[in-house]
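>>> Below is the structure, and that's it, no one-letter string:
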């Protein structure tokens, strides 16, 4: 994949370089700078107070780091439009220029405090050492960004492969059952049979769609409704569905085919094996910057939460894709009680693609 017209994965903002406005990135940079300052202060030099040296080096290094982060944050939009290589060069140039500017400011402050100007060789030596250290630290950070970028690309490629597997994974029994349902309804209830055909076509359209572009929660819920509508015609009163969708959640972004496999599991492993059937509950709420999703289903009469093989495969697939999609802490918990099996997800709420 080349350029930045596909999905933005090769641009700076979503690829090689991190978001310099992100609080986690700022914390990581500040921590790294403090470690570098500690290493520099630990270099043994005679007639030097360690704590004073550490304070001075830390003060200087944090000025460079914070100033660079502010400028890079302001340049965020421009950096995102650049390819990874030019963006890395621009970022390095910003770090070098900020280091030189802060070094000159430090020399001016020292001259004002001690009332003695530095000669030209001393100034060049001071600024040269600072710029060299900044360049080395940036090169090490860039290497880390590159490794992280490659890891994320591998995860994304794996995620795309898993989406393709999910898209091709319509269980044969579901397809056969759907066709049998349509056949049985054609004469007795032709209008319902037509609706089932439309639902099945819509579901197949989603599963055969190419690409891994994000979907909205509204689209994911519509896919679930189509699927449950088909199963309701086959299972009848045995399948009950409870929807509890909060306000302001429809535009939340998710990986495609996130909810439907989980709802399908709830029917396949919870309702279908039970003689009396049961209720599948889908609950979605927004909690500030978080989106909370709960899918619950009955535990079959024999008390086993997963009476059929393969229950964990779709869950593990969805959990891994969510982690790769958000690149942020994601809660994915499954808990089996005596009567209900509950799957809980807590995700970052985003209305734009990460």
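Nice, thanks for sending it over. Computed from a predicted structure; not experimentally measured.
>>> What residues of stretch 342-354 count as buried?
The neighbour-count check on stretch 342-354 (16 or more other CB atoms under 10 Å) flags 342-343, 345, 347-350 as buried. For glycine as for every other residue, the C-beta is placed from the backbone atoms N, C-alpha and C.
>>> Ok, stretch 235-254 next?
235, 238-239, 241, 249, 252-254.
>>> for stretch 131-150, same thing?
131, 133-134, 137-138, 141-142, 145, 149.
>>> Next, format these as JSON lines and append distance to residue 190.
Listed next are the buried residues of stretch 131-150 as JSON lines, based on distance: CB to CB, whole Å:
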{"residue": "131", "distance to residue 190": "79"}
{"residue": "133", "distance to residue 190": "78"}
{"residue": "134", "distance to residue 190": "75"}
{"residue": "137", "distance to residue 190": "72"}
{"residue": "138", "distance to residue 190": "70"}
{"residue": "141", "distance to residue 190": "66"}
{"residue": "142", "distance to residue 190": "65"}
{"residue": "145", "distance to residue 190": "60"}
{"residue": "149", "distance to residue 190": "55"}
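>>> can you list the weak-confidence ranges in this structure?
Along the chain, the parts satisfying pLDDT under 70 run over 1-15, 43-50, 113-122, 155-175, 207-212, 302-313, 327, 352-354.
>>> Break it into its domains for me.
Domains of the chain are assigned by automatic domain parsing as 23-156, 168-348.
>>> okay, the ones you listed, which one's buried deepest?
Among the domains of the chain, ranked by average contacts under mean count of other CB atoms under 10 Å, first place goes to domain 168-348 (a mean of 17).
>>> Can you tell me which of the buried residues of stretch 131-150 comes closest to residue 83?
Nearest to residue 83 out of the buried residues of stretch 131-150 is residue 149 (CB to CB; 12.4 Å).
>>> What distance do you get for the closest one to residue 194?
49 Å (CB to CB, to the nearest Å).
>>> Show me what residue 334 is bridged to.
According to DSSP bridges, the residues that bridge with residue 334 are residue 343.
>>> which residues sit against stretch 230-244?
Contact with stretch 230-244 is made by 177-178, 180-181, 185, 192, 196, 199-200, 203, 228, 267, 271-272, 274, 276-284, as judged by CB atoms under 8 Å, 6 or more residues apart in numbering.
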